[in-house]
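S.K.: sequence and predicted structure, then a few things I'm wondering about:
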Amino acid sequence: MKGIKFDFNNMFSANVGSAHGVEEKDILEFSGGALKAHEHLNKILANPANRIKLNLEWAVLPYQDGKTIKEIQDLGKEIAAKFDNVISLGIGGSYLGLKAAQDALAPAYFNEFSQARKGRPRIYFEGNNLDPDTLSVLLKNLNPKKTFVVVISKSGETTETKAAFMAVQQWLKKTVGKKYGRQIIAITDPAGGSLRKIVAAEQQNDALSFRSLPLLEGVGGRFSELNMGLLHLAILGVSLKEVLAGAKDMAAQCSLGDYSQNPAYMYALLHYILYKKRNKSLAVVMPFSETLKSTADWYVQLLAESLGKKYARKVEVSADGVETWIQDKNAVVCVGRTPIPCRGTGDLHSVQQNNVEGENNKVITFIRVDKFKNEIKVSGKGGLLSGKSFSALITLAEEATEWALARENRPNCTIILPEVSGYNWGALLFFFEVATAFEGELLNVNAFDQPGVEGYKNYMYYKLGKPGVSQEIANEIKNNPLIKNPKYII
């Protein structure tokens, strides 16, 4: 396959020693489990009812029909032609995936320079925190009449996004007037939820107000960039066909049952072995590309939320083959590698010190780019750097970092992109998604739920007096208050 390559030489004992690297016998030991994981994944993916129920519908997103893709591409072009600014409201994957796309596929400093944007609007991200300083500054400085709003929320009830949307709605309404809803698109559940109710009510009065796109059933937020992120890509002017083509080609390679030919399976299997047999619980992701730093941030959510689980998975299968995954409360496992985002070369002057000489409990994944969009050569003659290109220097820095880690018996691997293009970026996302799903199978946890995220939400909902909080949750909060002893506050 053209495009991405996965170099895992430095994961093996030959390069980093038997105490810290994978042995061939380790792979043979886990090969049976890998085959079982592949067969189970294939069985689920072949059944639409299972894909939707278990939140694996993301796996078919590369195959969306051309008509739908063209409509979204045209809609993005329409918005870009009419507005100077876009505010994108969302949290989790509805923010991190979009930010990753913009940093990777739009020119650097996209918002700062009109020439870089080539007529496209500035895009700002909000609704991903509750800090009043950021949104307030944005609303004070943008012209509401020249600003379009995209709000992304499946239920419409996520606190951060809902609060920001309510503030932005009022801001638009005050200046634009009663037709302010024509400057809003909601990407939300197609059938239910409070945001969908708002869309339906507004469209009864004005069909052009509060237009919407669907968050597809069975696609969880952190796996949904190729669904909810398509409009954002279209506004940027990125070819949706190109991004989906990269994901589609990666999907074909990642469907192979032979892990030696399947880069996502091999990535997951090697990390699983090092986690289980060599105590490598930290996953450092270090792109040697400034444009891919936000992609590392996106991957942090993908790995942490998917695989950081307290309970093992119990699988129940109905007579018609539809599965139900249940938390096995009798099997407390508390598993999941902890991801850490970094960037080369900047973090070689900080985190790399710990990577090389700190506790040997981590695996570093580098992302290397062979060809950059632009080039700069160092001027002058006779100096150490004279005549050298920046791309050659950053490539050498990545190679040197591999060497320094291997010399200290620190396992690492490298994902190689020929260039940062829509095609390769789509492939990279799908690679990580399949790897995460496969590792979830190896760990026997549900990689597609996030029960741990609900704890803080339930506490906030209870304190805010939201209707519908169960008595069980209310009692748990009332009976287990935070204890703040003044003795321990100085």
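M.R.: Perfect, thanks for sending it.
S.K.: do a quick rundown of the helices in the stretch 151-300 of the chain.
M.R.: Listed in chain order, the helices found in the stretch 151-300 of the chain under DSSP state H, counting those that start in this stretch are 159-176, 194-205, 225-228, 230-236, 240-253, 263-278, 293-307.
S.K.: point me to the helix or strand that includes E441.
M.R.: For E441, the host element (DSSP states H and E) is helix 422-443.
S.K.: helices or strands up against the helix or strand following that helix?
M.R.: Per DSSP H and E, the first helix or strand lying C-terminal to helix 422-443 is helix 454-464. Contacts defined by 3 or more Cβ pairs under 8 Å, 6 or more residues apart in numbering; DSSP states H and E place helix 454-464 against helix 471-479. (Each C-beta comes from the backbone N, C-alpha and C, glycine too.)
S.K.: got the CA coordinates for the helix it packs on in CSV?
M.R.: Provided in CSV are the C-alpha atoms of helix 471-479 (Å, rounded to 0.1, in the frame of the first residue of the first chain):
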residue,chain,number,x,y,z
GLN,A,471,-31.8,8.6,43.5
GLU,A,472,-28.9,6.2,43.5
ILE,A,473,-26.5,8.8,42.2
ALA,A,474,-27.9,11.5,44.4
ASN,A,475,-27.5,9.3,47.5
GLU,A,476,-23.9,8.4,46.5
ILE,A,477,-23.0,12.1,46.3
LYS,A,478,-24.8,13.1,49.5
ASN,A,479,-23.2,10.2,51.4
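S.K.: who's in contact with that helix?
M.R.: When contacts are defined by Cβ atoms under 8 Å, 6 or more residues apart in numbering, helix 471-479 is touched by residues N458, Y459, Y462.
S.K.: for stretch 347-354, give the mean pLDDT please.
M.R.: For stretch 347-354, mean pLDDT is 96.
S.K.: Y272 against N444, yeah?
M.R.: No - look at Y272 against N444 with Cβ atoms under 8 Å: they stay out of range, at 11.2 Å.
S.K.: circling back: quick one, which of the helices of the stretch 151-300 of the chain is nearest to F372?
M.R.: Proximity to F372 (Cβ to Cβ) singles out helix 293-307 among the helices of the stretch 151-300 of the chain, at 14.5 Å.
S.K.: circling back: would you mind checking the contacts of helix 471-479 for buried ones?
M.R.: Listed as buried from these are N458, Y462; burial here means 16 or more other Cβ atoms under 10 Å.
S.K.: adding distance to N354, write the contacts of helix 471-479 out as TSV.
M.R.: Formatted as TSV, these follow (distance: Cβ to Cβ, whole Å):
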residue	distance to N354
N458	35
Y459	33
Y462	39
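S.K.: tell me the one of the contacts of helix 471-479 nearest H349?
M.R.: When those are ranked by distance to H349 (Cβ to Cβ), Y459 comes first, at 39.0 Å.
S.K.: what ranges do the strands span in this structure?
M.R.: With strands called from DSSP state E, the chain shows them at 5-7, 85-89, 122-126, 147-152, 184-188, 211-214, 282-287, 309-317, 323-335, 338-341, 362-371, 412-419.
S.K.: select, out of those, the one closest to D26.
M.R.: D26 lies closest to strand 362-371 among the strands of the chain, at 14.0 Å (Cβ to Cβ).
S.K.: which residue is nearest the centroid of the chain?
M.R.: Centroid check for the chain by Cα atoms, centre = their mean gives W298 as the closest residue, at 3.2 Å.
S.K.: ok, now how distant is that residue from G92?
M.R.: Per Cβ to Cβ, to the nearest Å, W298 is found 10 Å from G92.
S.K.: anything in contact with each of these two?
M.R.: Shared contacts of W298 and G92 (Cβ under 8 Å, 6+ apart): R222.
S.K.: residue contacts, T175?
M.R.: T175 neighbours (Cβ under 8 Å, 6+ apart): P144, K145.
S.K.: circling back to that earlier point, which among the strands of the chain is found nearest to E225?
M.R.: Using Cβ to Cβ, these put strand 147-152 closest to E225, at 11.0 Å.
S.K.: now for that closest one, which elements pack on it?
M.R.: Applying 3+ Cβ pairs under 8 Å, 6+ apart, one finds that strand 147-152 contacts strand 85-89, helix 159-176, strand 184-188.
S.K.: grab the nearest non-local neighbour of K457.
M.R.: Distances taken as Cβ to Cβ, 6 or more residues apart in numbering put T159 closest to K457, at 7.1 Å, once the chain neighbours are dropped.
S.K.: neighbours of T291, how many?
M.R.: Here the count is done by other Cβ atoms under 10 Å, and T291 has 20 residues near it.
S.K.: ah, wrong one, I meant K457
M.R.: When neighbours are defined as other Cβ under 10 Å, K457 has 13 of them.
S.K.: state the distance from it to G92.
M.R.: The spacing between K457 and G92, counted by Cβ to Cβ, is 12 Å.
S.K.: about what we covered before: check whether the residue nearest to the centre of the chain really touches K99, as I assumed.
M.R.: Yes - with contact defined as Cβ under 8 Å, W298 counts as touching K99 (7.5 Å).
S.K.: how is the chain divided into domains?
M.R.: For the chain, automatic domain parsing gives the domain ranges 5-54+242-443, 58-240.
S.K.: turn those domains into CSV, including distance to Q450.
M.R.: As requested, these are exported to CSV (distance: least, Cβ to Cβ, whole Å):
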stretch, distance to Q450
domain 5-54+242-443, 5
domain 58-240, 8
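S.K.: P467: which of these is closest?
M.R.: Among the domains of the chain, domain 58-240 comes nearest to P467, with 11.4 Å by Cβ to Cβ.
S.K.: mean confidence score for the closest one?
M.R.: Average pLDDT, domain 58-240: 96.
S.K.: how long is it end to end?
M.R.: Domain 58-240 stretches 16 Å from its first residue to its last (Cα to Cα, to the nearest Å).
S.K.: from the chain's centroid, how far away is that domain?
M.R.: Remark: domain 58-240 is offset 17 Å from the chain centroid, using Cα atoms, centre = their mean, to the nearest Å.
S.K.: could you do stretch 8-21 as well?
M.R.: Offset of stretch 8-21 from its chain centre (Cα atoms, centre = their mean): 29 Å.
S.K.: which residues does that stretch contact?
M.R.: Stretch 8-21 has contacts (Cβ under 8 Å, 6+ apart) with 22-23, 266-267, 270, 274, 278, 280, 360, 363, 402, 405-406, 409-414.
S.K.: what are the phi and psi values at the residue of the chain most remote from its centre?
M.R.: Relative to the C-alpha centroid of the chain, counting by Cα atoms, centre = their mean, G382 is the outermost residue, at 44.6 Å. Here is the backbone geometry of G382 (degrees, to the nearest 10): phi 90, psi -10.
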